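sequence first, then the predicted structure, then my questions.
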Amino acid sequence: MTTIALYNLKGGVGKTACCVNFAYLSALDGYKTLLWDLDPQGSTTFYYQVKPKLKGGIKNFITQASDLEEAVMNTDYDHLDIIPADQSAKSLDVMIEEMKHSRKKLKNVIHTFKKDYDFVFMDCPPGLSVLAENIVMAADIILMPVIPTTLSARTYEMVKSFFKEKELDPAKLTCFFTMVDLRKNLHNEIMETLYKDKHFFQSYIPYLSDVEKMGIYQAPVEVFARSSYAAQCYRDLWAEIKEGVL
C-alpha cells in the first residue's frame with residue numbers, strides 16, 4: 001500500500017482538485033483506492049457527492065480507537081472508496097497534541113488499511129502543525145502543488161524548513177506546478193528556477209476552466225471532459241507520479 005498526501009502550507013493552490021483527480025485515475029487503472037478527506041472544508045467529499053454516515057467521525061477514530069473501516073463509504077466509481085470529511089476534524093490538532101506518541105497517531109490509524117488498498121490518498125488541510133507532522137509521518141509521499149508565483153515559491157521554502165526543523169524525511173517531499181499560465185513571464189521564470197530542484201515533477205497542471213467546472217459537475221475532470229486538455233494534463237502527471245512510486 002502506498003499513501004500519498006496532497007498537502008500545502010497555504011490553501012487555494014489546487015490541492016483538492018488534484019487529489020480528487022489522482023484518486024480517480026488510480027481507481028481507473030484498477031488499483032484499489034481509498035480517498036480520505038481530512039480537510040474540514042470537505043471539498044473532496046462534495047466532489048464525490050457523499051455524506052458522512054457516522055457522527056463524530058475523525059474524532060472517534062483518533063481518540064477512541066474506533067474502527068476506521070466503519071467510516072469508509074463507496075463512491076459511484078469502481079475500486080474507489082472514500083472517508084468523507086466531518087466537522088470534528090477542526091479540532092484534530094488539539095486532540096492529537098494531547099496524546100502520547102502523537103507524531104505517529106495517524107500512521108497507526110492508516111496502517112489498518114494495509115491489506116485492503118493499493119493506494120490511499122489524503123486531502124490534507126493547510127498549515128504547519130502537529131497534524132502536518134502526523135501527515136508526513138503517515139504518508140509515503142507528500143505531494144505538494146505549487147503555483148509558480150513568488151509567494152507560493154516562498155511557501156515551498158517554508159515547508160522545506162519545516163521538514164528540517166522537525167527532522168522529517170525530506171525524500172518524501174515531491175512537488176508539481178499547478179494553476180500555471182505560461183503567458184506570464186513570472187510563471188516561466190519561477191518554473192525554470194524550481195525545476196532545478198530535484199523535488200519537482202516535469203508535468204504540470206495549467207489554469208483551465210475545465211478544472212473549475214468540477215464544482216458544477218461534482219466529478220473528476222476525466223468523468224465529464226475526458227477529451228479535454230485538462231484531463232490529459234492530469235493523466236500525464238499521474239503517469240509520472242506512478243513511475244516514481246511503482
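Yep, that arrived. Since this is a predicted model, take the numbers as computed values, not measurements.

ramachandran angles for residue 175?
Backbone torsions of residue 175, given as degrees, to the nearest 10, read phi -130, psi 160.

so for it, what's the pLDDT?
Listed pLDDT for residue 175 reads 96.

mind showing which ranges of the chain have poor pLDDT?
53-67, 87-103, 246 (pLDDT under 70).

what are the boundaries of the helices in it?
Ranges of helices within the chain are 15-28, 43-47, 57-64, 92-97, 105-110, 130-138, 150-165, 185-194, 209-212, 214-217, 221-224, 229-245, based on DSSP state H.

buried set for stretch 169-180?
172, 173, 174, 175, 176, 177, 178, 179, 180 (16 or more other Cβ atoms under 10 Å). (Glycine included, C-beta is placed from N, CA and C.)

residues in contact with that stretch?
Contact with stretch 169-180 is made by 13-14, 18, 136, 139-148, 156, 159-160, 163-164, 187, 191, 194, 197, 199-201, 203-207, 237, 241, 244, as judged by Cβ atoms under 8 Å, 6 or more residues apart in numbering.

quick one on the thing from earlier: wait, which of the helices of the chain is closest to residue 118?
With Cβ to Cβ, the closest approach to residue 118 among these belongs to helix 15-28: 7.5 Å.

just the CA coordinates of the closest one, formatted as CSV?
Coordinates of each C-alpha in helix 15-28 appear next as CSV, following Å, rounded to 0.1, in the frame of the first residue of the first chain:
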residue,chain,number,x,y,z
LYS,A,15,-4.7,20.7,-3.9
THR,A,16,-8.2,19.2,-3.6
ALA,A,17,-8.8,19.2,-7.3
CYS,A,18,-5.6,17.3,-7.8
CYS,A,19,-6.4,14.8,-5.0
VAL,A,20,-9.8,14.1,-6.5
ASN,A,21,-8.4,13.5,-9.9
PHE,A,22,-5.4,11.4,-8.9
ALA,A,23,-7.6,9.1,-6.8
TYR,A,24,-10.0,8.7,-9.6
LEU,A,25,-7.2,7.9,-12.1
SER,A,26,-5.7,5.4,-9.7
ALA,A,27,-9.0,3.6,-9.4
LEU,A,28,-9.4,3.8,-13.2
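
once you drop chain neighbours, what's closest to residue 206?
Distances taken as Cβ to Cβ, 6 or more residues apart in numbering put residue 180 closest to residue 206, at 4.8 Å, once the chain neighbours are dropped.

repeat for residue 124
residue 7 (4.3 Å).

which residues touch that neighbour?
With Cβ under 8 Å, 6+ apart, residue 7 has these contacts: 15, 122, 124, 126, 132, 135, 142, 143, 144.

re earlier: tell me how far the residue nearest to residue 206 lies from residue 201.
Note on residue 180: its distance to residue 201, by Cβ to Cβ, to the nearest Å, is 12 Å.
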